[in-house]
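Q: This is a predicted model, with the sequence first.
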Amino acid sequence: MDLTFTEREQAFREELREWFARNDPGQEPESDEDLHFKWRRDFQARLAADGLAAVHWPPEYGGRGASVTESAIFFEELGRSGAPLPANVLGLLLAGPTIMLWGSDRQKERYLAPILSGEEIWCQGFSEPDAGSDLASLKTRAVKEGGEWVISGQKVWTSGAQYSKWCMLVARSDPSAPKHRGLTYFLMDMEQDGVQVRPLRQITGSPEFNELFIDGARVPAENVLGGEGNGWKVALTTLMNERAGLAFFLQVRLRQLLDRLIAQAAASGAIEQPLVAARLGELQMRAEILRLTAYRGLTATEKYGQPGPEGSLTKWMWSQTNQELTQFAVDLIGPEALAEGNPWAYELLRARGNSIEGGTTEVLKNIVAERVLGLPKSR
C-alpha cells in the first residue's frame with residue numbers, strides 16, 4: 001500500500017491540527033464520572049458544530065463525506081490533541097452507519113441528527129451472559145403484540161448504558177427458526193420502566209459498562225431496523241464498523257504511553273540498562289507495526305467499501321501490546337507506580353480488559369486464521 005498522503009489528505013490533517021489547537025477541551029475531570037461524561041459530550045457538540053463529529057458521514061447527514069483515509073487521519077489527530085473520544089462514539093461509529101444503510105427515510109430523519117450532536121446517546125445491546133462472542137446464541141425474546149414488540153431478557157457489558165437514550169438491540173423474534181435467522185434488530189427506548197440499568201464497577205473503580213435487565217419493554221413496530229427476522233444481517237453491519245477508525249486513535253494513545261515510559265526511563269537512568277533498552281525498543285517496533293497494519297487495513301476498506309477482517313488483527317495486536325507495555329511500566333518503575341493517584345496504576349488495571357472488550361483475543365485469532373490466512377475452520 002502507498003502510504004504517501006495526497007495534497008487533500010495533508011490539507012485535511014493541517015485543518016484538524018489548527019482546529020484542535022483552537023479548541024482546547026480543558027482539564028479532564030478525574031474524580032466525577034458524570035462530569036467526565038459531560039466533558040466528552042460538550043466537546044462532541046463543539047465538533048458537531050463545525051462538521052467534525054462524524055467526518056465519515058455523508059454531507060447530507062452532517063458529516064464531511066471523508067474518505068476512509070481521512071477518517072483515519074481524524075482519529076490520529078484526535079488522539080494526538082489530547083481531546084476525548086466523543087461521548088456518543090457508539091452512535092457515531094455504529095448506530096449511525098447502520099441506520100443509514102438499513103433505515104427507512106423516517107428513521108434516518110428521526111435518529112441521525114441527535115446522534116451527531118450528542119443530544120441522544122446510544123448503547124449496544126448485543127452481548128448476553130451466555131452469548132458474548134456467539135451473538136447468534138442470544139436468548140433475549142421479542143414477542144409481537146399488535147403494533148409493537150414486547151422484549152424480555154438480559155444484556156451485559158453494555159458500555160454507556162447509564163447515559164443512553166437508545167439501544168441497538170438484537171433479540172430472538174422467532175424461536176423456531178435456525179439461530180442466525182430468527183433474530184430482529186430493534187431501536188429500543190431506554191427510558192421506560194421495562195429497562196433497568198445496573199452498573200458493573202470495574203477493578204479500576206469505574207463503571208464503564210452495565211447489565212441491562214429487560215422485562216416487558218415495549219418497542220413499536222416502526223422501530224424495527226432492516227425488517228423482521230433480518231437481525232443477523234443488520235447486526236453484521238454494526239459489527240463490521242465496530243473497530244473502524246478506533247484503531248488509529250488507539251495506536252496514537254499507545255504511542256503516547258510508550259513515549260511517557262521512555263521519558264521516565266531516561267530520567268531515572270534505567271534506559272542505560274541493555275535489557276530495558278531492548279524491551280523498550282521492542283515495544284517501539286510493535287507500536288510502529290500496529291500503525292502500519294492499521295493503515296494497511298484501509299486497503300480492504302477502500303477496495304470493498306467496508307471494513308474487512310484485518311480489523312481483528314489490529315485489535316488483537318493493540319490489546320497484547322498495551323497489556324505488555326503497562327505491565328513493563330509497573331515492573332520498571334516499581335511499587336510507586338501502583339500508588340493511589342499514579343496514572344500507571346489505572347493504565348495497568350484498565351489494560352486487563354483489553355483482550356476481552358470489543359472481541360476477545362481468542363475469537364479474533366480465529367477470525368484472522370480463517371478469513372485472513374485461509375486456514376480451516378476450528379469446527
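A: That came in fine, so what should we check first? Since the model is a prediction, treat every value here as computed from it, not as a measurement.
Q: Pull the number of nearby residues for the closest residue to residue 84 other than its chain neighbours.
A: If the residues on either side of it in the chain are set aside, residue 84 comes closest to residue 40, at 4.5 Å by Cβ to Cβ, 6 or more residues apart in numbering. Backbone N, C-alpha and C define where each C-beta goes, glycine included. Counted with other Cβ atoms under 10 Å, the neighbours of residue 40 add up to 22.
Q: Who are the contact partners of residue 40?
A: 84-87 (Cβ atoms under 8 Å, 6 or more residues apart in numbering).
Q: For the helix or strand where residue 260 lies, what does the pLDDT average out to?
A: Following DSSP states H and E, the helix or strand that holds residue 260 is helix 246-268. In this model, helix 246-268 has a mean pLDDT of 92.
Q: Please apply the same query to stretch 275-292.
A: Here the average pLDDT along stretch 275-292 is 95.
Q: what's that stretch in contact with?
A: Contacts for stretch 275-292 (Cβ under 8 Å, 6+ apart): 3, 247, 251, 254-255, 258, 261-262, 265, 270-271, 314, 317-318, 321, 324-325, 328, 332.
Q: now swap in stretch 142-152 and tell me
A: With Cβ under 8 Å, 6+ apart, stretch 142-152 has contacts from 140-141, 169, 171-173, 184, 186, 188, 194, 214-221, 224.
Q: how about the strands of the chain, start to end?
A: 122-125, 141-145, 148-159, 166-172, 183-189, 195-200, 209-220 (DSSP state E).
Q: Out of these, which is closest to residue 99?
A: strand 183-189 (8.0 Å; Cβ to Cβ).
Q: Just the buried residues of the closest one, please?
A: 183-189 (16 or more other Cβ atoms under 10 Å).
Q: what's the angle from that strand to strand 209-220?
A: 100 degrees (axes from the mean of the first three to the mean of the last three Cα atoms, to 10 degrees).
Q: Strand 183-189 - what's its average pLDDT?
A: pLDDT averaged over strand 183-189 gives 98.
Q: Who are the packing partners of it?
A: strand 148-159, strand 166-172, strand 209-220, helix 231-240 (3 or more Cβ pairs under 8 Å, 6 or more residues apart in numbering; DSSP states H and E).
Q: the helices in this structure, which residues?
A: When assigned using DSSP state H, the helices of the chain occupy the ranges 7-22, 33-49, 68-81, 89-90, 96-102, 105-117, 231-240, 246-268, 274-304, 310-333, 343-351, 361-367.
Q: got JSON lines for these, with distance to residue 61 too?
A: Converted to JSON lines, the helices of the chain look like this (distance: least, Cβ to Cβ, whole Å):
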{"stretch": "helix 7-22", "distance to residue 61": "19"}
{"stretch": "helix 33-49", "distance to residue 61": "11"}
{"stretch": "helix 68-81", "distance to residue 61": "14"}
{"stretch": "helix 89-90", "distance to residue 61": "17"}
{"stretch": "helix 96-102", "distance to residue 61": "7"}
{"stretch": "helix 105-117", "distance to residue 61": "5"}
{"stretch": "helix 231-240", "distance to residue 61": "16"}
{"stretch": "helix 246-268", "distance to residue 61": "20"}
{"stretch": "helix 274-304", "distance to residue 61": "19"}
{"stretch": "helix 310-333", "distance to residue 61": "23"}
{"stretch": "helix 343-351", "distance to residue 61": "33"}
{"stretch": "helix 361-367", "distance to residue 61": "30"}
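Q: between these, which gets nearest to residue 57?
A: Nearest of the helices of the chain (Cβ to Cβ): helix 96-102, 6.4 Å.
Q: Need the residues that contact the closest one.
A: Under Cβ under 8 Å, 6+ apart, the answer for helix 96-102 is 54, 56-58, 61, 107-108, 111-112, 115-116, 168, 185, 187, 225-226, 234, 237-238, 241.
Q: Could you identify the buried members of these?
A: 54, 56-57, 61, 107-108, 111-112, 115-116, 168, 185, 187, 225-226, 234, 237-238, 241.
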